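**Q** Any chance you could fold what I've pasted below:
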Amino acid sequence: MDEQKFIYFIENSSIEYYNKGNNGIILLAILNENIVSPYSYKTMNKYNKPVNKIALKLVFITNEKEADPIILSDDFDFDQKTEEEFIKEVNSQVDIYLQSVTYLEPICPQIFYSNIYKNKFLLECIIKKTKKKELNSILLDYEKNIDKFGLIIMEFIDNKGLYYYKNYNSYSMYKNMGRYLILRLALETGYTHSDFHTANILIETNYSFYFHEINGKPLLIDFTWAEKIPEDKMKLIKEYCDKKKYKDALLVIANIPRTDSINLNEYEDFNWITKDISYKISDNNIIDQFFSRRKFTIKKMTEFLDTKNKSEIENNYPQIPISDEIKDIIYKGLKI
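**A** Take a look at the predicted model:
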């Protein structure tokens, strides 16, 4: 059923290039007009509205651990993943989504479908749907260089990464939103993202439903390196957050070893979460305000939806926290 929905979407859409990362190509599929989408949103501002744009992540799959990168051109080179690594990425994101969607503001985009393919028929269908010759050529080179590929289908999030706002007056506030989200990820799901450079933290700047009376909503993408936090580290993080010592909690997270042995604190792209935060001035207090405002927003939204459910016969919104019955219809990931 999940694959049928995806094929239906692809057959009735146009496809264009969106982005690339170290691990794959991101394509954007846009549903044709007057076609009913098989997917719907589960976020507060769009609940049950149709999803008309989806992101397709294509990943090289190999049987070899630490295989050499695939080089298609000067601008297109990609690391390869084993099946186990691909499945781990998918299931980590699905697990994080399911644990954090309870109040309709998940930490990451929703995955609708994923799979590993040895047959290139589906990839050929995707190539045929692309309109630009340049993209078509890249995908044809992609097809020639692979024996099998991984495919992740998820909701498309059209927001800028944190890096984009570096020269904006609001950059400091958006950084603290990112820090808040990394802490929220740990506290709600027990995961560390482990790849929290500023392109992987998206900010929806005009969103007003997340933090009471503050515009902005942070979101995490790309869970290639996500890991469960060890129990002793998790205990420390909780203790520091209870005492509102958020810098100490973030330092614990930043120092959790990554599976490729990279020390994140040695790289500027990663050490932004701890290097310029101070107890004495605003950053720590702002993070604390975000926790308070998020808690207040949840309370107000719960009251609002409860009132609507009692007063309206037809209401598109569920009661929150959402039930297991609703979570049961959400994609559950790949079997190992």
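**Q** what separates Leu181 from Ile153, distance-wise?
**A** 23 Å (Cβ to Cβ, to the nearest Å). Placement of C-beta: from N, CA and C, glycine included.
**Q** Can you spell out which helices and strands pack onto the biggest helix by length in the chain?
**A** If you go by DSSP state H, the chain has its longest helix at helix 282-311. For helix 282-311, the packing partners by 3 or more Cβ pairs under 8 Å, 6 or more residues apart in numbering; DSSP states H and E come out as helix 171-189, helix 246-254.
**Q** mind putting those in CSV, mean neighbour count, distance to Asp95 and mean pLDDT included?
**A** Formatted as CSV, the helices and strands packed on helix 282-311 follow (neighbours: other Cβ atoms under 10 Å; distance: least, Cβ to Cβ, whole Å; pLDDT from 0 to 100):
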stretch, mean neighbour count, distance to Asp95, mean pLDDT
helix 171-189, 21, 7, 96
helix 246-254, 21, 18, 93
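**Q** just to revisit the earlier point, so for the longest helix of the chain, what gets flagged as buried?
**A** 283-284, 286-287, 289-291, 293-294, 297-298, 301, 305 (16 or more other Cβ atoms under 10 Å).
**Q** surely Ile221 meets Leu202?
**A** Yes - between Ile221 and Leu202 there is a contact under Cβ atoms under 8 Å: 6.3 Å.
**Q** anything in contact with each of the two?
**A** Residues touching both Ile221 and Leu202 by Cβ atoms under 8 Å, 6 or more residues apart in numbering: Ile157.
**Q** before we move on, back to that, just put the helices and strands packed on helix 282-311 in TSV and tack on distance to Asp269.
**A** Listed next are those as TSV, based on distance: least, Cβ to Cβ, whole Å:
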stretch	distance to Asp269
helix 171-189	12
helix 246-254	12
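**Q** so after the longest helix of the chain, what's the next helix or strand?
**A** Next along the chain after helix 282-311, taking DSSP states H and E as the criterion, comes helix 324-327.
**Q** what comes into contact with that following helix?
**A** 42, 98, 101, 318.
**Q** what stretches of the stretch 201-336 of the chain score poorly on pLDDT?
**A** Applying pLDDT under 70 to the stretch 201-336 of the chain flags the ranges 276-281, 312-315, 336.
**Q** same deal with the stretch 51-200 of the chain?
**A** Using pLDDT under 70, the flagged stretches of the stretch 51-200 of the chain are 67-77, 131-146.
**Q** residue ranges for the strands of the chain, please.
**A** 13-21, 24-31, 53-62, 70-73, 76-78, 81-82, 111-117, 149-155, 160-161, 191-192, 201-204, 217-220, 227-228 (DSSP state E).
**Q** Columns mean neighbour count on top of those, output as a markdown table?
**A** A markdown table is the format used below for those (neighbours: other Cβ atoms under 10 Å):
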| stretch | mean neighbour count |
| --- | --- |
| strand 13-21 | 16 |
| strand 24-31 | 20 |
| strand 53-62 | 22 |
| strand 70-73 | 14 |
| strand 76-78 | 16 |
| strand 81-82 | 19 |
| strand 111-117 | 20 |
| strand 149-155 | 23 |
| strand 160-161 | 14 |
| strand 191-192 | 24 |
| strand 201-204 | 23 |
| strand 217-220 | 24 |
| strand 227-228 | 15 |
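**Q** nearest to Ser92, of the ones you listed?
**A** strand 191-192 (6.7 Å; Cβ to Cβ).
**Q** helices and strands around that closest one, which ones?
**A** helix 83-100, helix 171-189, strand 227-228.
**Q** May I have the strands that pair with that strand, each with its orientation?
**A** Applying DSSP bridges, strand 191-192 is found paired with strand 227-228 (antiparallel).
**Q** Now do the partner strand: everything it contacts.
**A** 190-192, 194, 256, 258-259.
**Q** Separate out the buried members of the residues you listed.
**A** 190-192, 194, 256.
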